[in-house]
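1. sequence plus the predicted model coming up.
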Amino acid sequence: MRRMERQPTHPGKIIREDYLTPLALTVSELAVTLGVSRKTLSKIINERGAVTPDMALRLSRAFDTSPDFWLNLQKNFDLFLAEKSSNGWQLVKPLAAQLLHSHF
């Protein structure tokens, strides 16, 4: 398993720096466009909320991107945090070796 060296960018930062600022949009204006509450969008932009599949569809439609783009940003961010905050996953023994030996 390859470990990530640096923290991936949160999708909220991408929204803020690559879309809100260049397009001179407010959080309220974008929230209306997306059909979500200002609070919901603000949590994502301030990196305290996550992009859900529904939000990924809305963002992809608004910004002419793919939903996968937004979900992958969120997934990478979440996996990095999980890897850094939990050690339980490191105690899991790989099954691949056991499966190979059980078939012979």
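-> That came through fine. Please read all numbers here as calculations on a predicted model, not as lab measurements.
2. what ranges does the protein have for its helices?
-> Taking DSSP state H as the test, the helices found in the chain are 11-14, 21-23, 27-34, 38-45, 53-63, 67-85, 96-102.
3. for the longest one, buried residues please.
-> Of the residues in helix 67-85, those buried under the neighbour-count criterion (16 or more other Cβ atoms under 10 Å) are 67, 69-71, 73-74, 76-77, 80. C-betas here are computed from N, CA, C, even on glycine.
4. what about residue 16, how many residues nearby?
-> 17 (other Cβ atoms under 10 Å).
5. contacting residues for it?
-> residue 45 (Cβ atoms under 8 Å, 6 or more residues apart in numbering).
6. picking that back up, Throw the helices of the chain into JSON lines and include distance to residue 5 and mean pLDDT, thanks.
-> JSON lines is the format used below for these (distance: least, Cβ to Cβ, whole Å; pLDDT from 0 to 100):
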{"stretch": "helix 11-14", "distance to residue 5": "18", "mean pLDDT": "98"}
{"stretch": "helix 21-23", "distance to residue 5": "27", "mean pLDDT": "97"}
{"stretch": "helix 27-34", "distance to residue 5": "32", "mean pLDDT": "98"}
{"stretch": "helix 38-45", "distance to residue 5": "25", "mean pLDDT": "98"}
{"stretch": "helix 53-63", "distance to residue 5": "26", "mean pLDDT": "98"}
{"stretch": "helix 67-85", "distance to residue 5": "10", "mean pLDDT": "95"}
{"stretch": "helix 96-102", "distance to residue 5": "25", "mean pLDDT": "69"}
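7. tell me who's in contact with residue 19.
-> Neighbouring residues of residue 19 by Cβ under 8 Å, 6+ apart: 25, 30, 63.
8. nearest residue to the most centrally placed residue in the chain other than its sequence neighbours?
-> By Cα atoms, centre = their mean, the chain has its centre lying nearest to residue 74, at 0.6 Å. Ranked by Cβ to Cβ, 6 or more residues apart in numbering and with sequence neighbours excluded, the top spatial neighbour of residue 74 is residue 51, at 4.4 Å.
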